[in-house]
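Enquirer: Have a look; sequence and predicted model below, questions after that.
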Amino acid sequence: MCDSAIAGGESLGLKVDWSGINPYLAFTRPWTFSPISMTQEYKEPSHGVLPKRVEAKEALRFPPGVPQTEPIHLSGAWIMESTEQADALLGGAVPGFVYRRDGHPNAASLADALRIMHGADQAMVTAQGMSSISIAAMSLLKPGDRVLLGQPLYGRTSFFIKNDLGRWGIQFEDVDVTDYDAWKSALEKPARMVILETITNPRMSVPDIESICKLIHQAHGPAIAESGPVVMVDNTFATPALCQPLALGADLVVESLSKFVCGHADAMLGLLCGRNEIWGRMRQTMVSFGMTSSPLDCWLTHRGLASLNVRMAHAAASANELAHAIAGHPRVQAIDYPGLADHPDHQIAKKQFNGSFGNMLSIHLKGGLSSAQRFITAVADDIPFCPTLGEAQTTLSHPMSTSHRSYSPELLQSLGISGGTLRFSIGLEPTSSLIGKFLNGLNHCDD
């Protein structure tokens, strides 16, 4: 391989001193280079700084054909040929890339794939899930606007609206996300934005998105860029494999792609997609606030997207079997999983997710916080306490001390979140083995 790599380089007419150079680093893929002729030999600069490039009559190019796997485009900037081209690129008259903060090929290809899956007019990939929520809020809201929060929500989403945007004069109101009458009451006054989750965190409630969207838009009209109630749905727990909220009447969809879409816990990204009528300032806000994605993270997530449907199918089936296996256990006070027939939103979930119920579930232990800690310790080698979700390995989280730590004791109690609440993201382990691990953990809990 070494000799062939060197021969490949020399056959291209490159005059290179190979001493001290690892040929594997230089020409492990000699087929990626087309023949070029150099105008000068490389000379070691006397000042000790390598030149940016050795001038050539032709730039190095890939040969004809398309790589089977999408390349990672790590460049921070793209070369332009003229002032006219620069003006056209920066003005959006022609497609292309100029500066990574404005966009890059890996983000564009991932966003387009997700746009198609969601049936969206527009889509963009952001630095993380909270970036997507922030971009939407800062693009659409102004001081005095009112936001309805379909509770329970991810704790950081609530904190952002109530504390960070509250400082800018944004008003808010909590609404029980599954209480239709509560929505009707809250909509007696105009709202600029409504935020809810497809599957709530951590109680696994499932709101009737279609009915809520109809109610909101009938009460105050359709949303546009400058007015009207914008319904934004966080679809992280469901992913497009289970649900496409835009088809149910939502205006915007956000997701933390770091979770199940990536699936390997090695990337951090967010998705924002939606309708043309309200897109307006979204991309400008992302660029201005520096919330652009990383090419490597986009590449890793696009890789994970290819197996999303298969992974979700297995994990959801395991979660369903697990929930039924531990239902009625003497040390479990309650289980939050919409696949159980006695779950209050079972029928809505069955309709909304086409017969599947997702991979997320929560249990409430009778022994409270002490039992939760006993369970965490007992399963530590198999089910790590890790405040994330959607990866290949099953993980658990303790909402009261992590995702919902900013909530008051009164709000936690009203939402049914206690010290004994544990949230699980079911992974790809054999289901029978996973059930055994859960039963082992429960055997260490207090009655």
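Expert: Structure received.
Enquirer: Could you list the single helix or strand in this structure with the lowest mean pLDDT?
Expert: Counting by mean pLDDT, DSSP states H and E, the chain has its least confident helix or strand at helix 23-27, which shows a mean of 37.
Enquirer: after that one, next one along is what?
Expert: Where DSSP states H and E defines the elements, the next helix or strand beyond helix 23-27 is helix 83-91.
Enquirer: residues near Ser433, how many?
Expert: 11 (other Cβ atoms under 10 Å). C-beta here means a position set from N, CA and C on the backbone, and glycine is covered the same way.
Enquirer: mean confidence score for the host helix or strand of it?
Expert: Counting by DSSP H and E, the element that carries Ser433 is helix 431-443. Averaged over helix 431-443, pLDDT sits at 97.
Enquirer: Same check on stretch 209-228?
Expert: Computed over stretch 209-228, the average pLDDT equals 90.
Enquirer: Compute the first-to-last residue distance for it.
Expert: One end of stretch 209-228 sits 18 Å from the other (Cα to Cα, to the nearest Å).
Enquirer: Give me every residue in contact with that stretch, excluding its own residues.
Expert: The contact list for stretch 209-228 (Cβ atoms under 8 Å, 6 or more residues apart in numbering) reads 140, 150, 180, 183-184, 187, 190-192, 194, 196, 198, 229-231, 233, 243, 245, 248-251, 277-281, 352.
Enquirer: Off-centre distance for that stretch?
Expert: How far stretch 209-228 lies from its chain's middle: 25 Å, per Cα atoms, centre = their mean, to the nearest Å.
Enquirer: Just the buried positions in that stretch, please.
Expert: Neighbour-count burial for stretch 209-228 flags Ile209, Glu210, Ile212, Cys213, Leu215, Ile216, His217, His220, Ala223, Ala225, Gly228 (criterion: 16 or more other Cβ atoms under 10 Å).
Enquirer: In the stretch 151-300 of the chain, mark out all the helices, start to finish.
Expert: For the stretch 151-300 of the chain, the helices defined by DSSP state H, counting those that start in this stretch occupy 155-159, 180-186, 209-220, 239-242, 282-288, 295-305.
Enquirer: mind checking which of these is nearest Pro344?
Expert: Pro344 lies closest to helix 180-186 among these, at 12.6 Å (Cβ to Cβ).
Enquirer: related to what we said a few turns ago, with distance to Ile326 added, can I get the buried residues of stretch 209-228 in a markdown table?
Expert: Formatted as a markdown table, the buried residues of stretch 209-228 follow (distance: Cβ to Cβ, whole Å):
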| residue | distance to Ile326 |
| --- | --- |
| Ile209 | 29 |
| Glu210 | 32 |
| Ile212 | 31 |
| Cys213 | 35 |
| Leu215 | 36 |
| Ile216 | 37 |
| His217 | 40 |
| His220 | 43 |
| Ala223 | 42 |
| Ala225 | 48 |
| Gly228 | 45 |
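Enquirer: how about the residues you listed, which pair is most distant?
Expert: So, the buried residues of stretch 209-228 by Cβ to Cβ: farthest apart are Glu210 and Ala225, at 23.4 Å.
Enquirer: Leu149 should be in a strand, yeah?
Expert: Yes. Under DSSP: H, G, I helix; E, B strand; the rest coil, Leu149 falls within a strand.
Enquirer: In the sheet, which residues pair with it? Tell me.
Expert: Asp174, Ile195 (DSSP bridges).
Enquirer: what residues are up against it?
Expert: By Cβ under 8 Å, 6+ apart, the contact set of Leu149 is Thr157, Ser158, Ile161, Lys162, Phe172, Glu173, Asp174, Val175, Ile195, Leu196.
Enquirer: Out of those, give me the one that has the most neighbours.
Expert: Neighbour counts for the contacts of Leu149, by other Cβ under 10 Å, peak at Ile195, which reaches 28 neighbours.
Enquirer: In this structure it contacts Pro152, no?
Expert: No. At 11.7 Å, Ile195 does not count as touching Pro152 under the criterion of Cβ atoms under 8 Å.
Enquirer: circling back to that earlier point, show me which of the buried residues of stretch 209-228 is closest to Thr402.
Expert: Ile209 (26.4 Å).
Enquirer: gap between the closest one and Leu396?
Expert: Distance, Ile209 to Leu396, by Cβ to Cβ, to the nearest Å: 27 Å.
Enquirer: Same check on Leu434?
Expert: For Leu434 relative to Leu396 (Cβ to Cβ), the value is 12 Å.
Enquirer: Check Ser82 too.
Expert: Distance from Ser82 to Leu396, by Cβ to Cβ: 57 Å.
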